[in-house]
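In: Test case, fold it:
(chains A and B)
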There are 2 protein chains.
Amino acid sequence: MAPSLALDGGSDDYRLTPPPPPVTGRFPSVYSQVQNTRIFHALPLPSVLKTPFNIVDVPQSSAAGSPDEIAKLFPNLFGQPSAMLVPSGSDTVQYDQKLKIGVVLSGGQAPGGHNVISGIFDYLQDRAKGSTLYGFRGGPAGIMKCKYVELTSDYIYPYRNQGGFDMIRSGRDKIETPEQFKQAEESVNKLDLDGLVVIGGDDSNTNACLLAEYFRSKNVKTHVIGCPKTIDGDLKCKEVPTSFGFDTACKIYAEMIGNVMTDARSTGKYYHFVRLMGRAASHITLECALQTHPNITIIGEEVAAKKLTLKNVTDYIVDIISKRAEANYNYGVILIPEGLIDFIPEVQHLISELNEILAHDTVDEGGLWKKKLADQSLKLFELLPRTIQEQLLLERDPHGNVQVAKIETEKMFIQMVEAELEKREQEGTYKGGFKGQSHFFGYEGRCGLPTNFDSTYCYALGYGAGALLQSGKTGLISSVGNLGAPVEEWTVGGTALTSLMDVERRHGKFKPVIKKAMVELEEAPFKKFASLRDEWALTNCYISPGPIQFTGPGSDAISHTLLLELGVQA
Amino acid sequence: MAPSLALDGGSDDYRLTPPPPPVTGRFPSVYSQVQNTRIFHALPLPSVLKTPFNIVDVPQSSAAGSPDEIAKLFPNLFGQPSAMLVPSGSDTVQYDQKLKIGVVLSGGQAPGGHNVISGIFDYLQDRAKGSTLYGFRGGPAGIMKCKYVELTSDYIYPYRNQGGFDMIRSGRDKIETPEQFKQAEESVNKLDLDGLVVIGGDDSNTNACLLAEYFRSKNVKTHVIGCPKTIDGDLKCKEVPTSFGFDTACKIYAEMIGNVMTDARSTGKYYHFVRLMGRAASHITLECALQTHPNITIIGEEVAAKKLTLKNVTDYIVDIISKRAEANYNYGVILIPEGLIDFIPEVQHLISELNEILAHDTVDEGGLWKKKLADQSLKLFELLPRTIQEQLLLERDPHGNVQVAKIETEKMFIQMVEAELEKREQEGTYKGGFKGQSHFFGYEGRCGLPTNFDSTYCYALGYGAGALLQSGKTGLISSVGNLGAPVEEWTVGGTALTSLMDVERRHGKFKPVIKKAMVELEEAPFKKFASLRDEWALTNCYISPGPIQFTGPGSDAISHTLLLELGVQA
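Out: Predicted coordinates:
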């Protein structure tokens, strides 16, 4: 086996080209059989992308909020219409126009990113022969440093339908300062780019729009198109029904949850506390609940809306565990979103008080420092398990701040539930056996092989982005809709990024933001969950989704969240 | 949706019967589409089971060791031949003989257990119409308490090709005392059993043989047949090439490892330390390494053979991390078997000294108690990260013993590697960035939907067990061989359990044991791994197996360990 190539000073690591099919199990391959098979999985395209098309304007609401501020921030782009591809009788798109396009991956990985890139590439091959596609490496920093690679057919081939962002890697930098915008300008000028596709989440798409505005203001010819990426599922709106990666990540987590459920039912003696990735919004946790029917699911947005305390949440869990014990069910499965702690106001208070105290005082063994805490914070601190208390005091980031992200919420709840159950046992209000097992499902889901849905959706997003750029569009986010219908009927277009924006005041300045789409308590996914959760709590309606299948029944299923939001599923 | 039924005082929880196929995504099902599809997956049988067969004797070595002691312990069974099914010209098996058979699941879950039971059931339906199958509930305790359920076609139906042991649940009790053997005798007499199938690991199969011997000595007509179950893969020999569940569990873990590898390569900044289930032997870790090609893999048996210390293992890891840093690879994936600590003699010494000290002394804050530790143990204790030290001192089991099982080895290594890297950085011998991420893959793998291999293998094991019982065999373990060939050519028979046994001296008495099959450093799987690991360490040959597929390419693949042991793969 040849060694992997360490290009560019060895800091990157590209895939070797796998052998051509068919590959038997005995061939010493760098790819597994499933990976190999997926490379050659043919992707359907929406009908509108298979024939000549025109691009028509779609009137768009001015902004998601604060239109006057958005208008000031985007004088060149504000108010522009969105775009929709429609079949045309004749081929009105210029087939001999050669384009130079750049693409960048921004932020955390999500399954399907490689397919967006191959979608752009194939569009250029099909509709603008002789075009060039550059991949900026390592995220937006690659734009600023003009670190890029030319993406050829051979280069892209081993990444088709594969998970990960390793084709060109990603990064978390943002293009923010005037100098950075200038650097970006120099890079796109140097490469003579007609267009740039930014694949990222809410912040990255905001950044894409700022870049589009900047280029237009500077008369730079480069147009900018965004693509909605995040496993968290919190970048979506009417025109962009889902972000890619959400489908695959949720199915991977749901497979594991289903397995753990079967285990719980088989042994009858463990409560599995499963923390799921997703810091800002609880979409992943909600989707996994709809797929698997756990006994208890905590949704951060509901905790926040009801202003629940940590004690409230613990009691909610303990009440169900007690009731289950009465039915002799001393086991169960509990889902907790990674970001739960951020939804509990009293925890936020405690943490900011701790940061203040730790910055100025030493923590004495005797505990005199605790007197500096407000009453409510002290009460909460005393409620926390010892290990969590220590974690809060000891493990701090380079700025000296408490590291909330490091708190293993699932373990914290196991300990708090244990303490509360012991108390109730002594009071005679609970009798049962409780053993907690903790799990965190996170990194496993970000780079899995994309599902058929994510593979096809991403390919259409990329192909559509190519069409938008060829049509001279800028400041739009690639939008593929009608996802409840067969792929042929999916709609393709672009939504004005400014129409998704509002402003936030940060450090005395207005900043444009695409508002994160949180779990809405009045919308179908949460309402369906809320209508069923009491039944799931006391009886066991576990569903085991099993491993993602790429062929056969269920292989083209889309997420419950999307089905419910589209009104396809009741 | 109807609630699940809580039978028998509510302590058990059976599956609802899923709706008949085809089930669309919109049908409110208790089963996922994949679960549903799997119920109707048709299982191939070895040819010999599809036609009339004879059972022929196969001469068998007397015992794995200490034949004289085994002969004394099993006066009735010792020396009996093994059995092999061969096609017969005419149907020599009595088709009208009705049998009463019991079955029990013993020990931890493994994917495929339900298929062993459906294999027995179908055998009785096909070849001994009018027979009855009872499932003893909750493991061997169910035999002793005569807690059982009659397994009918309807009862078994929803569990076909499904993961878990929830059809009749399992338990970890053993039948050991004379009273317990008496209870078992009463139960099988009460049910008038012709046979009993014990599905379990090494201990459970030893127990099955003791039960067979006891029944024969008491002239009880019940015959006993064992079946090889354990995800750990440590119950195997020439005649029993693998235990069921190993294939599925390893593929589930390998899917997750492959995803984490793609993540590591995509971000380029994390070292993922993955602890894998498997306390006694490191087969799971070795198999996952062969499937995925991690940068570093620790095999417990090698650590023990080389008498490595914790410091040696840490240095081995750190050396590779340092070399990778020179190539600008500041990321990687490291596999660690759950039972690693048990393979390190110095850790065992430390723990027994701690148990001794903690039983008699108090641990003073000043640390005077440490003077009671032997020099080497003290040195080791001081090497351990603070959190692990605390865990050793504070978290003890009801007998006051240190809980080795609770040590999160993967986190321990992250901290020890961090400390060593810091040291080397100060010495100027290392320059790089190190961030550890910890994972434990365990419960997710015990109850997954069985792979095609485990589904088919288990069904044949059960079907074969039926044949052995109908032929009047006892004290055998169901043995299905020639697994590298197409299913039609698989061999079916039973191996004399006494031939697998040796004795161990426990509390001054000889106890029969089936010796656990450990990773052998001179055999093909380890040798292949050892020949490739240096390349895997410094280059990145990651393979992502992807999710288990039930149809299409790769869906019938069997484990590398098995292929290598069978000599099918080089």
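In: Spell out, range by range, the helices that occur in the stretch 451-570 of chain A.
Out: For the stretch 451-570 of chain A, helices defined by DSSP state H, counting those that start in this stretch occupy the ranges A:452-470, A:524-538, A:560-566.
In: Just name the most buried of the ones you listed.
Out: Most buried of these, by mean neighbour count (mean count of other Cβ atoms under 10 Å in any protein chain shown): helix A:452-470, with a mean of 28. Using the backbone N, CA and C atoms, a C-beta is placed for each residue, glycine as well.
In: and that helix with chain B, contact?
Out: No. Helix A:452-470 stays clear of chain B (Cβ under 8 Å from any Cβ of the partner chain), getting no nearer than 12.0 Å.
In: pLDDT at A:E422, what is it?
Out: pLDDT, A:E422: 97.
In: Surely A:K307 is in contact with A:P345?
Out: Yes. The criterion here is Cβ atoms under 8 Å, and A:K307 meets it with A:P345 at 6.6 Å.
In: So between the two, which is more surrounded?
Out: Of the pair A:K307 and A:P345, A:P345 is the one with more neighbours under other Cβ atoms under 10 Å in any protein chain shown, namely 14 against 11.
In: which ones are touching the more buried one?
Out: Applying Cβ atoms under 8 Å, 6 or more residues apart in numbering or on different chains to A:P345 gives the contacts A:A304, A:K307.
In: Next: A:C237.
Out: A:A64, A:T495, A:L500, A:A517.
In: pLDDT check: weakest of those?
Out: When the contacts of A:C237 are compared by pLDDT, A:A64 scores lowest at 92.
In: what's around the closest residue to that residue other than its chain neighbours, how many residues?
Out: With sequence-adjacent residues excluded and distances taken as Cβ to Cβ, 6 or more residues apart in numbering or on different chains, A:A64 is closest to A:D502, at 4.7 Å. Neighbourhood size, A:D502 [other Cβ under 10 Å]: 17.
In: now the one 5 residues further on
Out: Burial of A:H507, expressed as a neighbour count using other Cβ under 10 Å, amounts to 5.
In: Contact residues of the stretch 101-250 of chain A facing chain B?
Out: Counting by Cβ under 8 Å from any Cβ, the stretch 101-250 of chain A sits next to chain B at A:Q109, A:Q162, A:G163, A:G164, A:F165, A:D166, A:R169, A:S170.
In: Apply 6 Å and report the result again.
Out: Counting by Cβ under 6 Å from any Cβ of the partner chain, the residues of the stretch 101-250 of chain A close to chain B are A:Q109, A:G163, A:G164, A:F165, A:D166.
In: Only whichever of those are buried, select them in PyMOL.
Out: Per 16 or more other Cβ atoms under 10 Å in any protein chain shown, the buried members of these correspond to this PyMOL selection:
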select buried, chain A and resi 109+163+164+165+166
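In: For chain A, name the helix or strand with the lowest mean pLDDT.
Out: Here the helix or strand of chain A ranked lowest by mean pLDDT, DSSP states H and E is helix A:386-394, holding a mean of 83.
In: residues making contact with whichever helix or strand comes after that helix?
Out: Reading on from helix A:386-394 to the C-terminus, the next helix or strand found by DSSP states H and E is helix A:409-427. Identification of contacts with helix A:409-427 by Cβ atoms under 6 Å, 6 or more residues apart in numbering or on different chains yields A:273, A:275, A:314, A:317-318, A:336, A:340, A:385, A:388, A:430, A:434, A:436, A:438.
In: ok, now with 7 Å
Out: Helix A:409-427 is touched from outside by A:273-275, A:314, A:317-318, A:321-322, A:336, A:340-341, A:385, A:388, A:430-431, A:434, A:436, A:438-440, with contacts defined as Cβ atoms under 7 Å, 6 or more residues apart in numbering or on different chains.
In: cool, and stretch A:563-570?
Out: Stretch A:563-570 has contacts (Cβ under 7 Å, 6+ apart) with A:P241, A:L483, A:G484, A:E523, A:A524, A:P525, A:K528, A:H560, B:R26.
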